[in-house]
Every structure is written in structure tokens, then in C-alpha cells.
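# need a 3D model of the sequence below.
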Amino acid sequence: MNSLPKKYLFWFAHEHIDFRVPEINSILNLFKVVPSKLKISDKSTDHPYWIVESDCETIIKKIASRSVSLKFCMELWAQASDPSKFHETLRTHSQEKIQYYKNRDKSFKIIVETFSKHISQKEKVERIETLNYLPFEGPVKLNNPDNSFYYIEYYGTNSNTIAETPEKLFFGKWIANGQRDLIQKLSLKTRKFIGTTSMDPQLSLLMANQAQVKNGDIIFDPFVGTGSLLVAAAQFGGYILGADIDFMMLHARTRPTRITQKIRSSDESVAANIKQYGKSSCYLDVVVSDFSRSMWKPQMRVDVIITDPPYGIREATERIGSAKSNPNIQENQVATHIPSKIIYNLPHIFYDLLDFAVRHLVVNGRLVCWFPVYRDYYSTDQLPSHPCLKMIANSEQILSIHSSRRLLTYVKIREPCEEDVVNTLNMLDYREMYFAFKNETRKERRMKEALARATNKAEWEKRCKENKKEMNE
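Numbers count the residues shown, from 1 in each chain. Okay, the predicted model is just below:
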């Protein structure tokens, strides 16, 4: 006989809000949680909590074992907007439930949490004293008690106009913490090898969750840099493989990123980063290669591609090539020849990325990648697509007033046919737009923005080319 569903409260960190739903959906899919086992009544991002119903506490713990967005989850005993109603509800909570925690041998503690309003330690004690009707008879123990309980006051998300009384009150038994500790563990401040574009640990972990990385998966990053995404993937048991065209970066011969560091250490490398976190057994290799000239055999298969392609702003977007139509290299020069490089524009990068994913991902494997956009001109038809790849998530991280980047998650739904092609026709080149906007005066920018709003995208692109030609002349 199935037990009745219980209510749980998921309490999230109120940052990177747009990534919350895709991360939890990916985790539910990873653990194959069917809708009947977990009912989420409200997925709103207007507040930092969800109310969830489930008859299986194991599912709740599984979600917490992976989620980086989640701070903690608790079994919800009482909730109300009015304090008197809240205490009345808690008083009349199932006596059977209260009796279970009444045991004199079971230690406990009550944690007071507030949102948007800071209260002193004295005020926290006062809040706990209002709950003295709870029949807990065991000793209070602040470190590692047998049972922990949360009392939460939610004052809304506008910290500039804080109400005198909370909008919502919650009380319940703590079940599990999310994986926020991993963010500190993987901090760039203490990491052995970093660069100017090393990915923030929280975002790296969110990407690994959206990619559904699990034990035994083969993970590939074609623009690996200092390996931040591979570090996150290794935390969840993935076997990691990377590539990059930047020989100097992969061999730690670039200028140090840290101000206090004059020269790079001889042992700095992606492998050293993986070793630092005790995941050397997950490390396959990183290789120097040009992604536009694939070196991988057709038989190569990976479970996940997770990457942050260069945008051409803080790092170069390059591929091997020559401005000469027919560069002539003498036979005696081949051994010592260093190939010249040309611009590898973003539409070309994403064409190659999706084409590679279609050919080398396993069916149901995932591609998770960042895509830079100018917010005023963004539309979903600009995003690269392919008939074999289904986009299942598209989350925004705002970088400035004008620009942002979107985390795209694709799943491979079938093997490709001959007629299948990558679509990047509507894609705007972020790098060109960035430098064009940077060189404009405020007046010129306002005129262009007004023009863009008044005309369609094709007309805007035509006008941009004309302006660029005039500037060159």
C-alpha cells in the first residue's frame, strides 16, 4: 500500500534564477522520476522556494544530491501568511509525526532562516521561543544533532522595501542539503591552473547537471581552455577529454592570470586541476587540435559535449588557414612549420559544433554550450539548429545592459541522414556587433537602436554593412 504524499519545501539560492527549472528538470530526467512520483505546484522564479508533493523521500534526497541551485529541502509541516494561523497549523500538526520526534534520546536544533531581511541572533532566539509548544524533549545540540528543523520568514524579493511582517512563514524538518558546498570546493581562488576566461564553478556545475553527467560517461570539451567544465564533469564521475587550438594555454605558457603571480608554475595544467580534486582516474587527456579540421575518427562516440566556445572578445577565435589562396610549404620546412591562423567566426564555430555533435554524440546524448547574444536584437530564430538535435533548455545569463549569453541544451534524438544540415542562417556575429557598438558614440547607438526597432533584422544587417563600409572608407 502506497503512503500518502508529503509536502516538501525546496529552498533555492536566489541567483542564476533562469537556470533553476532546466537544472531540476534535467535531474528528474536523469533519475527517471515519473510525474506521478513528484508534483511541483509552483515553479515560479519570483520567490526562492517551491512546494513539492511526493510519497517518496528518496526522490527528494536524490534531487538534493545533484542540485547546485538548491540550498536545502525540508518536509513541510506548516506554512501561512498570518503568524497566528501559522502557529495554529503547527500546533495541530499530525500528533503522530510530533510524537516520533519527542524521544528524549534524540537531540535537535531549530535553524532560523530569513529572506530579504537580516535579524540579530537575539531576534532569532526570540523566534525559536515562540515555538516552545513543540513537544521536543531531547537535548538541544547545535553540531550534528539527530534532527534539524527550519523556521523560515520570507519577506519578498524587494530588499529596498521590506515589510514589517513576513509575507510567508514556513516550518519543517530538514531532509537534505543541495550541493552548494561544491561551489566553494571548486573555487577559482584556490585552483591550480586558471586563465582569464575560466568558468565560474557554479555555472560549470549547472552545465554538468543539464548535461546529465553520470558515472562512466565520456565527456568532451572541444574548447577546453583551462578545463573548468571538465573539472565540474569529473565531480559527477564522467571520464573527461578535451581539445583546444591554443598550444600556449594548454601548456601553461601564457601570462599568469593572478596579479600576484609573475610566472606560471611548471606543473600547471588541466591534469593538475583534476588531480587537485582527487579525480585523476577520470582524466583521459587534452590535445592540441583545430576544431574546424576534425582529427576524430567517425567511430568516435561521446555521451556529452559540454563547452564554452570563444567569442573573440577576451580570447581569439582562430582556426588554421592562410589568406593566400595556395600557400606553398617546402618539404624541408614541414617538420618545423608553424601553421598560420585566420579568424574563425562564430557562425562557423557553431556550424562545426552542431555538425560534430550530430556525428559523434550517442543517441540521447547531450550538447550543452554557451551562445552570446546582443539582447536588443535577440530572437530564437538566431539560434543554431539541426534536425537531429532537439533544444530542451535555453537559459540567459545577463552580462551587461546590451549583452548576455544563453546556455543552450540540446539532446540528440536520432542519427543523421544525408539531407540533414546545420542551420546558422539567421545567426548574428556577436564579435562584430560588440566592436561595432563599442566604437559608436551614444548618439549613434541610439539612432541605430531606433532603426533596428523600426525595421526588420535583414534591413538592420544591410544598414550595418553600409555603415561599416563607410567607416572603412
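# host element of Leu408?
With secondary structure defined by DSSP states H and E, Leu408 is part of strand 403-412.
# after that strand comes which helix or strand?
helix 430-438.
# and that following helix, which residues are buried?
Tyr430, Arg431, Met433, Tyr434, Ala436, Phe437 (16 or more other Cβ atoms under 10 Å). Using the backbone N, CA and C atoms, a C-beta is placed for each residue, glycine as well.
# reformat those residues as a markdown table; add distance to Cys282.
Output for these, formatted as a markdown table (distance: Cβ to Cβ, whole Å):
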| residue | distance to Cys282 |
| --- | --- |
| Tyr430 | 33 |
| Arg431 | 34 |
| Met433 | 38 |
| Tyr434 | 36 |
| Ala436 | 42 |
| Phe437 | 41 |
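# what residue ranges in the stretch 1-150 of the chain score low on pLDDT?
1-3, 94-97 (pLDDT under 70).
# please, where are all the helices along the stretch 201-350 of the chain?
201-210, 228-235, 247-250, 270-276, 346-360 (DSSP state H, counting those that start in this stretch).
# the ones you listed: lowest mean pLDDT?
With a mean of 91, helix 247-250 has the lowest mean pLDDT of those.
# what sits up against that helix?
The contact list for helix 247-250 (Cβ atoms under 8 Å, 6 or more residues apart in numbering) reads Gly195, Val224, Gly225, Thr226, Asp244, Arg253, Thr254, Ser269, Val270, Val286, Val288.
# circling back: could you check how far the strand holding Leu408 is from the centre of its chain?
10 Å (Cα atoms, centre = their mean, to the nearest Å).
# for that strand, packing partners?
Counting by 3 or more Cβ pairs under 8 Å, 6 or more residues apart in numbering; DSSP states H and E, the packing neighbours recorded for strand 403-412 are helix 20-30, helix 201-210, helix 346-360, strand 361-374, strand 389-398.
# nearest to Tyr133, of these?
Ranking the helices and strands packed on strand 403-412 by proximity to Tyr133 (Cβ to Cβ) places helix 20-30 first, at 34.9 Å.
# for that closest one, packing partners?
Here helix 20-30 touches helix 57-64, helix 201-210, strand 389-398, strand 403-412, going by 3+ Cβ pairs under 8 Å, 6+ apart.
# what number of residues lie near the residue nearest to Asp381 when sequence neighbours are not counted?
Leaving aside its sequence neighbours, Asp381 sits nearest to Asn426 (Cβ to Cβ, 6 or more residues apart in numbering; 4.8 Å). The number of residues packed near Asn426 is 16, by other Cβ atoms under 10 Å.
# kindly report the same for Leu90.
20.
# who's in contact with it?
Trp77, Ala78, Leu131, Leu134, Phe171.
# swap in Leu361?
Taking Cβ under 8 Å, 6+ apart, we find Leu361 in contact with Arg301, Val302, Asp303, Val304, Ile305, Leu367, Lys412.
# who wins on neighbours among those residues?
Val304 (28 neighbours).
# on the strand side of things, show who Phe170 bridges to.
On the basis of DSSP bridges, Phe170 is bridged to Gln79, Ile152.
# quick check: it vs Pro135, distance?
Look at Phe170 and Pro135: by Cβ to Cβ, to the nearest Å, they are 20 Å apart.
# again, but for Glu123
24 Å.
# quick one: which of these two has more around it?
Higher neighbour count among Glu123 and Pro135: Glu123, with 13 against 10, using other Cβ under 10 Å.
# rewinding a little: can I get the buried ones among the contacts of helix 247-250 as something I can paste into ChimeraX?
Selection of the buried residues among the contacts of helix 247-250 in ChimeraX, burial being defined by 16+ other Cβ under 10 Å:
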select :195,224,225,226,244,254,269,270,286
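# possible to save the contacts of helix 247-250 as CSV with distance to Ser403?
Conversion of these to CSV gives the following (distance: Cβ to Cβ, whole Å):
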residue, distance to Ser403
Gly195, 21
Val224, 24
Gly225, 20
Thr226, 23
Asp244, 24
Arg253, 30
Thr254, 25
Ser269, 32
Val270, 28
Val286, 29
Val288, 30
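# now, which of the contacts of helix 247-250 sits nearest Arg91?
Distance to Arg91, by Cβ to Cβ, is smallest for Thr226 among the contacts of helix 247-250, at 55.5 Å.
# hang on, isn't the closest one packed against Ile194?
Yes. With contact defined as Cβ atoms under 8 Å, Thr226 reaches Ile194; the gap is 5.4 Å.
# from start to finish, how long is stretch 106-121 in a straight line?
One end of stretch 106-121 to the other measures 25 Å (Cα to Cα, to the nearest Å).
# please apply the same query to stretch 140-150.
The first and last residues of stretch 140-150 sit 14 Å apart, counting by Cα to Cα.
# which parts of it are buried?
Quick answer for stretch 140-150 (16+ other Cβ under 10 Å): Pro145, Asn147, Ser148, Phe149, Tyr150.
# ok, now which ones touch Glu137?
The contact partners of Glu137, by Cβ under 8 Å, 6+ apart, come to Lys102, Asn103, Arg104.
# still on that earlier bit, nearest to Gly237, of the contacts of Leu90?
Checking the contacts of Leu90 against Gly237 with Cβ to Cβ, the nearest one is Trp77 at 35.3 Å.
# wait, the closest one sits on Gly172?
Yes. Between Trp77 and Gly172 there is a contact at 4.7 Å, judged by Cβ under 8 Å.
# pretty sure Ser84 belongs to a helix, no?
Yes. Counting by DSSP: H, G, I helix; E, B strand; the rest coil, Ser84 is part of a helix.
# picking up where we left off before, winner for burial among the helices and strands packed on helix 20-30?
Comparing those by mean neighbour count (mean count of other Cβ atoms under 10 Å), helix 201-210 comes out on top with a mean of 25.
# can you tell me what sits against that helix?
In contact with helix 201-210 (Cβ under 8 Å, 6+ apart) are residues 15-16, 19, 22-23, 26-27, 66-69, 179, 182-183, 185-188, 199, 228-229, 231-233, 235-236, 238, 306, 366, 368, 393, 397, 407, 409.
# of the residues you listed, buried ones?
Buried by 16+ other Cβ under 10 Å: 16, 19, 22-23, 26-27, 66-69, 179, 182-183, 186, 188, 199, 228-229, 231-233, 235-236, 238, 306, 366, 368, 393, 407, 409, out of the contacts of helix 201-210.
# Serialize the contacts of Leu361 to JSON lines and add fields for pLDDT and distance to Lys7.
Output for those, formatted as JSON lines (pLDDT from 0 to 100; distance: Cβ to Cβ, whole Å):
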{"residue": "Arg301", "pLDDT": "97", "distance to Lys7": "43"}
{"residue": "Val302", "pLDDT": "98", "distance to Lys7": "40"}
{"residue": "Asp303", "pLDDT": "98", "distance to Lys7": "36"}
{"residue": "Val304", "pLDDT": "98", "distance to Lys7": "34"}
{"residue": "Ile305", "pLDDT": "98", "distance to Lys7": "38"}
{"residue": "Leu367", "pLDDT": "98", "distance to Lys7": "36"}
{"residue": "Lys412", "pLDDT": "98", "distance to Lys7": "37"}
